[in-house]
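Chemist: Okay, sequence plus prediction incoming.
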Protein chains: 2
Amino acid sequence: MTEPQTPPQLQPHTASPQALPRTLTSELAAHEGRAVKLLGFVHARRDLGGVQFLVLRDVGGVAQCVGSGLDLPLSESSVEVTGLVKAHPKAPGGFEVQVETFRVISAATEPPPVEIPKMEWHVNPETMLDYRVVTVRGLKERAALKVQAELVAAFREHLTGSEGFTEISTPKIVSAGAEGGANLFPIDYFGHLAYLAQSPQLYKQIMVGVFERVFEVAPVYRAEEHATSRHLNEYLSLDVEMGFIEDEEDVMALENRLLAAIMERLRARCAKEFALLGAAIPEVPAHIPRITLLGARQLVAEQYGHAVGGKDLDPEGERLLSQHFLQTEGSDFVFVTKYPRAARPFYAHPELNADGSVNPDLTRGFDLLFRGIEITSGGQRIHDHAMLMESIAAYRLKPETLEGYTEVFKYGMPPHGGFAIGAERLTARLLGIGNVRYARAFPRDRHRLTP
Amino acid sequence: MTEPQTPPQLQPHTASPQALPRTLTSELAAHEGRAVKLLGFVHARRDLGGVQFLVLRDVGGVAQCVGSGLDLPLSESSVEVTGLVKAHPKAPGGFEVQVETFRVISAATEPPPVEIPKMEWHVNPETMLDYRVVTVRGLKERAALKVQAELVAAFREHLTGSEGFTEISTPKIVSAGAEGGANLFPIDYFGHLAYLAQSPQLYKQIMVGVFERVFEVAPVYRAEEHATSRHLNEYLSLDVEMGFIEDEEDVMALENRLLAAIMERLRARCAKEFALLGAAIPEVPAHIPRITLLGARQLVAEQYGHAVGGKDLDPEGERLLSQHFLQTEGSDFVFVTKYPRAARPFYAHPELNADGSVNPDLTRGFDLLFRGIEITSGGQRIHDHAMLMESIAAYRLKPETLEGYTEVFKYGMPPHGGFAIGAERLTARLLGIGNVRYARAFPRDRHRLTP
């Protein structure tokens, strides 16, 4: 390595480390009895005088290295180690490296403000986030982000590989009125007022007219003032929209298959991360149980004595309903269907009566609960221009402020529907992380704009 | 289909269309002589009195359908057709469908403002963008977006499948000073001034300390006032950063392999789109030619009489240089290396002299030109904290405003580097699209916030 600012440190033995290819700490078993070269960070260190112990962390995991006469640098320094791999029952992974050469690639100039190997979630969370540039290196912290990366990859892979979807990229800068809602972050766009998009809703619908089945993985923005353990002001939204459907059942069936594919990939690739976090990968039933929202409200009231106000479920209602379906059907997932219009936006497709007329109370909208919390809102959307204009009137909205939305429905949009999954919320729930902020590398909240 | 608002139209023959599975227009050859069901949009139509012709467009392409007694709806209506597949040399794809049943799924209420089959790029571009909600359905328009989706998928697949990279998601809302530059869009973040991120630069560097090799696919923002054919105010950035490198050659070698993998996937999956657009998929040399920036300036001056002012290349210089390497080495790509410090930001790693001292003039930064235009900026970054602070001083920047940037370099960052590719610019250049706005579904420019 060409690194004149940090000259090579003590090299107790002569060797030719450059000639060895790099081995990852996760690959030691395959190299027992042979020399390897490791590159990584000083995760932990201990100097017993004559002997030095070093836990080296790389992308594969950690490995214990032991040597003598080593001048160990500060924790988190980047280092190169060469040495012999020996079985050692007490070392992480069952092997250790007996150091032959040791070189500091890039020395830390300060000890980390938090001891990385000793971090635990729920301990001083704000401090952990303040120093996120280095605390994010923690094994549990990175495990959550690794699981999320695999989850997102599985989402894409299943939709493009098995379901004929096309990925799209839509604007996050939108004009006033595009969403028509509150909780928008204003942007100064060349002197014009614009907003950060709360969702790609309209754009993914437009793109159904192009590719029929589309998805997007991109950040969305909610200017919610209150801090909760389940909300982020900026999060990664996994958005899906599909055309030529019969009704919302087609959308739920797709999400059912998609979740099964995601869990299958996590099982194949993230067993280590789930083990580290003490979490279990859920089984996805071939047919996730469904209950109507009215049925759900009745169930939690009658069987659990929990009466919910308003038109929706509350967090405690969601928890009880999930608990019920886990106990009675062994399912971590449950679809709550036929949401009332009062709890859904104007573009939600109304439920139809047996004679084909519009049911004024219910929609074809659904939520998906997973382990006690809502991870999806979805449903069929209105595609018929006349029905859309009637819905806008029924919601007492001004059609002239929604022209940007209604325009495309003049051009033969097919029946369609979709859903969105919050990547961080699903990750947190999968891994038993109490606060969704830890399922994002650099979360944004009411008081946090850095790092 | 449950669609009471648009009752079934004329059905000239009795049949049971629901019993047939859907066939795509691209699959007709395999169904010659058999009945199929098509779903799609009325792309074009012609009524000759006794006979009606309909070109149906779906995600697979277009198919000619011919029938009698059909009450054809407006163009862009969603329809269902069943009928027999017959070979027909003059029909697109060589087959046509003889209509047995015809049903309007969702009728357009207005003719499209632009005739979709007759659109051509470069004709009334602003009108085309004004009506993008429907003009984006055009075959050439969607071909560009399809190629982009495949290009992005290949980028991800190669990095995760062959190079050990992990995907990350970083904040697009950043605090003042995080980038330290001009051309920022201001956001009102709960009463605090924040900005839209111009690039994930610092965040991807931080994440090298976590996963060693990371990438991100996400929008970035440039508040550039002037409109050019190569700039967008919001674009999709394909960002890469890798740790434990020797120097920028490792980064260029990675990009070389990555481009080869992208073109391989496009060749396998997008031949139809390239044919439609009359474009050729480039060969990626096993070793893309390299020339230093100083060498490049000298070459275009001496061989082509084009003297470039400033410290960089200008668009004409880029064009000439590309032309030169195409003619002399048969390469559509050329790396321009060793950019001067004056043309690179403070975090660019300086070139080192033979004795290991810092070269005050040059960096380890590079650009990649493709068919006459820059599609990448990249290079090695400074990882050593002391060198970074010296660079900040040399650039006459205020270190206290850059503390958010410099913090992580106290913690042993390994040598690292990376690059970013603008997805729309690469797409446009691949397909011979003159203006980069047509390589984005819903472009944002100085005057365009909608649709």
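Modeler: Thanks, I have it. Numbering: from 1, shown residues only, chains lettered A, B, ... in the order given.
Chemist: so where do the strands sit in the stretch 101-250 of chain A?
Modeler: A:166-167, A:173-175, A:186-189, A:192-196, A:213-221, A:234-243 (DSSP state E, counting those that start in this stretch).
Chemist: Actually, the stretch 251-400 of chain A.
Modeler: A:290-292, A:333-337, A:350-352, A:358-363, A:365-370, A:373-381.
Chemist: who are the neighbours in contact with the residue lying closest to residue A:27 once chain neighbours are set aside?
Modeler: Closest residue to residue A:27 apart from its sequence neighbours, by Cβ to Cβ, 6 or more residues apart in numbering or on different chains: residue A:60 at 6.7 Å. All C-beta atoms are positioned from the backbone trio N, CA, C, and that covers glycine. The contact partners of residue A:60, by Cβ atoms under 8 Å, 6 or more residues apart in numbering or on different chains, come to A:24, A:25, A:26, A:27.
Chemist: Just confirm residue A:427 is within a helix.
Modeler: Yes - assessed with DSSP: H, G, I helix; E, B strand; the rest coil, residue A:427 lies in a helix.
Chemist: mind checking how far it is from residue B:95?
Modeler: For residue A:427, the distance to residue B:95 equals 47 Å [Cβ to Cβ, to the nearest Å].
Chemist: quick one: which of those two has more around it?
Modeler: Between residue A:427 and residue B:95, counted using other Cβ atoms under 10 Å in any protein chain shown, the more crowded position is residue A:427 (25 against 21).
Chemist: hmm, back to that, got TSV for the strands of the stretch 101-250 of chain A, with mean pLDDT, distance to residue B:276 and mean neighbour count too?
Modeler: Output for those, formatted as TSV (pLDDT from 0 to 100; distance: least, Cβ to Cβ, whole Å; neighbours: other Cβ atoms under 10 Å in any protein chain shown):
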stretch	mean pLDDT	distance to residue B:276	mean neighbour count
strand A:166-167	98	16	22
strand A:173-175	94	30	22
strand A:186-189	96	34	19
strand A:192-196	95	34	19
strand A:213-221	98	20	24
strand A:234-243	98	22	23
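Chemist: Residue A:320: which of those is closest?
Modeler: Residue A:320 lies closest, by Cβ to Cβ, to one member of those: strand A:234-243, at 25.8 Å.
Chemist: I'd say residue A:175 and residue A:194 touch.
Modeler: Yes - assessed by Cβ atoms under 8 Å, residue A:175 is found in contact with residue A:194 at 5.9 Å.
Chemist: For these two, list the residues in contact with both.
Modeler: Common neighbours of residue A:175 and residue A:194 (Cβ under 8 Å, 6+ apart) are residue B:449.
Chemist: The closest residue to residue A:154 other than its chain neighbours - how many residues pack around it?
Modeler: Sequence neighbours aside, residue A:265 is the residue nearest to residue A:154 in space, at 3.8 Å (criterion: Cβ to Cβ, 6+ apart). If you count neighbours by other Cβ under 10 Å, residue A:265 ends up with 17.
Chemist: Return the residues in contact with residue A:265.
Modeler: Contacts here follow Cβ under 8 Å, 6+ apart; on that basis residue A:265 touches A:150, A:151, A:153, A:154, A:157.
Chemist: The fourth one is in contact with residue A:261, isn't it?
Modeler: Yes - distance between residue A:154 and residue A:261: 5.7 Å, which falls inside the contact criterion (Cβ under 8 Å).
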